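Novice: sequence? don't have it. structure:
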Ligand SMILES: Nc1nc2c(ncn2[C@@H]2O[C@H](COP(=O)(O)OP(=O)(O)OP(=O)(O)O)[C@@H](O)[C@H]2O)c(=O)[nH]1
């Protein structure tokens, strides 16, 4: 009997300032471990992990990048071909939140993405276990996402494993929504061409876009 089970490989890149917890998030997700004395990443590192969503398997190839400015030339060549981008800050570090815009722009430029509202970004507010030191409110997070057309965001703690699995699932679900919409538009495009084009006539149809993210 043939199975309809699909296996899809997705490249996920994690960006954000040095020290926000990108490596710890990846290690919590992949190995369920947390390192209190995690070293700064130099360049990039990647790990694979499979997750199942609605009966299909997604192999996430997770690229953890160096957040420190001095490693910019080492990390940016790895942005191309990404399927998902996780923009990460720490809830106790306002400046890492303010830098999200810079990270988004850097990613769009080096990944060479033209239609930025069609790309699955997810914003991660890490270190949610230290709320007593909170410098970024949930409202500020929502506002920034709204202003930037981003519909997926979540607060996580790599330390106590809160919402880490959920963040990666949310990211894949976001990717799936965009993928389905692209398929639908393609079908509409093909139907339009087939149904309206008379023989010998040039096609001049265009694909409609949607505000929904
Ligand atoms: N309290 C708390 N500390 C965390 C959490 N995640 C990471 N840390 C700590 O934050 C520090 C930096 O974590 P990393 O994962 O190395 O940060 P990074 O973003 O990968 O840093 P770069 O490699 O320099 O870009 C380490 O001391 C971690 O133990 C968290 O969820 N809560």
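Specialist: It's in. As the structure is a computational prediction, the values presented were derived from the model and not from experiment.
Novice: quick one: low-confidence parts of the protein?
Specialist: 1-4, 116, 184-213 (pLDDT under 70).
Novice: show me which residues of it sit near the ligand.
Specialist: Selection of the chain residues close to the ligand by CB under 6 Å from any ligand atom yields 16, 18-24, 35-36, 38, 40-41, 66-68, 126-127, 129-130, 157-159. Every residue, glycine included, has its C-beta placed from N, CA and C.
Novice: which ones among those residues lie within strands?
Specialist: 16, 126 (DSSP state E).
Novice: any idea what the spatially most central residue of the chain is bridged to?
Specialist: Among the residues of the chain, the one closest to the centroid is residue 85, at 2.8 Å (CA atoms, centre = their mean). Bridge pairing for residue 85 (DSSP bridges) gives the partners residue 13, residue 121.
Novice: I'd say it and residue 121 touch.
Specialist: Yes: using CB atoms under 8 Å, residue 85 is in contact with residue 121, at 5.2 Å.
Novice: anything in contact with each of the two?
Specialist: residue 104 (CB atoms under 8 Å, 6 or more residues apart in numbering).
Novice: hang on, the earlier thing: list only buried entries from the residues of the chain next to the ligand.
Specialist: Neighbour counting by 16 or more other CB atoms under 10 Å classes 16, 20-24, 41, 66-67, 126-127, 129, 157-159 among the residues of the chain next to the ligand as buried.
Novice: now do the strands in the protein.
Specialist: Using DSSP E, strands in the chain cover 7-16, 44-53, 56-65, 84-90, 121-126, 153-155.
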